[in-house]
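A.B. asks: Give me coordinates for this.
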Amino acid sequence: MREGVVVRLARWSIALLILAFVARTVVWNWHDFQTQTITWTFRPLPALASVLLVWAMYVLLIEAWRRILAGWGESLAPVPAARIWVLSSLGKYVPGKVWAIAGMALMAKDRGVAAWAATASALLMQALSIGTGAAIAAIFGGQALASQRPGLLAWFWVGGAGALLAVAALMYPPVSRRLLTLAGLGLDQPAPEPAPLVFGLIANLAAWIGYGGALWLLAEAVLVRSELAPAVAIAGFAASYIAGLVALFVPGGLVVREGLLFALLQGSIGAGPATALAVASRVLLTITELGAAVPFLILRWGSARAA
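C.D. replies: As a prediction, the model looks like this:
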């Protein structure tokens, strides 16, 4: 119980620090923001490519989740797995950030997956996501962040190195068993096999790069003249998305994510374009998440009517 309280306090502290950073950045750049003219355009081909790239990353992550389940001897077909993944992901818009994991576990259980394996696999995938995202942000965006706020480069690299070590620790059976215990799933469950975890690690690394590429394509689609470097797009997306995940009290990371993305991008492309891209990125995420969910919702509604 005490460890759970410590973890919750740590996450709240990190979230508050992120909010303080975002607020300070907005205050410092408020004058520049007021003088910026936000000009939009729309190019359909890079916009479509951005959406398709995000959906491709969904497919990759769903397969990684399926393989982790298979490493525990639990099977889930691709289509049901996609339905569970996509629909449960909408739970992050409910304050608390536990509903996505809970929804994934419950729906997987309804498909015959053991409750402990469904929950543990969801927790491991989120741990892999946060750890690899922090590492990707450090690797691709350390220099850009340092040029905006001198002195932060060292902290950026330390955070990325710590995240890599944390992810590597998941491969060690005693650590993974300890995580299962902390999650209330018991010590008698087997440790996950290394191969699926390695695939999950690679899949999450690739997904962060893909998401950053989608942000870069989005900049090409909505900015009149995009000067966003691909590496900055990758780092900015990863860092801001993780900030939204850590902010437990904000549904879907709203405002927190956009604020940090603006803070990370405005030094490279200017306050106006950074604001436009932060807003457009939220629209992109909404379109991709709802667009992926709608077919499954329609099929479920149709099945219910037929019954």
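A.B. asks: Flag the shaky bits of the stretch 101-250 of the chain, pLDDT-wise.
C.D. replies: 142-157, 159-160, 162-164, 166-167, 170-171, 173, 176-177, 179-192, 246-250 (pLDDT under 70).
A.B. asks: Now do the helices in it.
C.D. replies: In the stretch 101-250 of the chain, the helices defined using DSSP state H, counting those that start in this stretch lie at 115-148, 153-169, 173-182, 194-222, 230-246.
A.B. asks: now the ones you listed in TSV, with mean neighbour count?
C.D. replies: Heads up, the C-betas are built off the backbone N, CA and C, glycines and all. Below are the helices of the stretch 101-250 of the chain laid out as TSV (neighbours: other Cβ atoms under 10 Å):
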stretch	mean neighbour count
helix 115-148	22
helix 153-169	16
helix 173-182	16
helix 194-222	22
helix 230-246	25
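A.B. asks: Report pLDDT for the residue nearest to Gly213 when sequence neighbours are not counted.
C.D. replies: Excluding the flanking residues, the one nearest Gly213 by Cβ to Cβ, 6 or more residues apart in numbering is Leu53, at 5.8 Å. Looking at Leu53, its pLDDT reads 97.
A.B. asks: The host helix or strand of Leu53: which residues count as buried?
C.D. replies: Assigned by DSSP states H and E, Leu53 belongs to helix 44-71. Judged by neighbour count using 16 or more other Cβ atoms under 10 Å, the buried positions of helix 44-71 are 46-47, 49-51, 53-54, 57-58, 60-71.
A.B. asks: Show me what secondary structure element comes after that helix.
C.D. replies: Later in the chain than helix 44-71, the nearest helix or strand by DSSP H and E is helix 78-89.
A.B. asks: Return that next one as PDB; C-alpha atoms alone will do.
C.D. replies: Coordinates of each C-alpha in helix 78-89 appear next as PDB, following Å, rounded to 0.1, in the frame of the first residue of the first chain:
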ATOM      1  CA  PRO A  78      -6.200 -10.100 -34.800                       C
ATOM      2  CA  VAL A  79      -9.700  -8.600 -35.300                       C
ATOM      3  CA  PRO A  80     -10.900  -9.100 -31.700                       C
ATOM      4  CA  ALA A  81      -7.600  -7.800 -30.500                       C
ATOM      5  CA  ALA A  82      -7.900  -4.700 -32.700                       C
ATOM      6  CA  ARG A  83     -11.400  -4.100 -31.400                       C
ATOM      7  CA  ILE A  84     -10.400  -4.300 -27.800                       C
ATOM      8  CA  TRP A  85      -7.300  -2.100 -28.300                       C
ATOM      9  CA  VAL A  86      -9.100   0.600 -30.200                       C
ATOM     10  CA  LEU A  87     -12.300   0.800 -28.000                       C
ATOM     11  CA  SER A  88     -10.400   0.600 -24.700                       C
ATOM     12  CA  SER A  89      -8.100   3.400 -25.800                       C
END
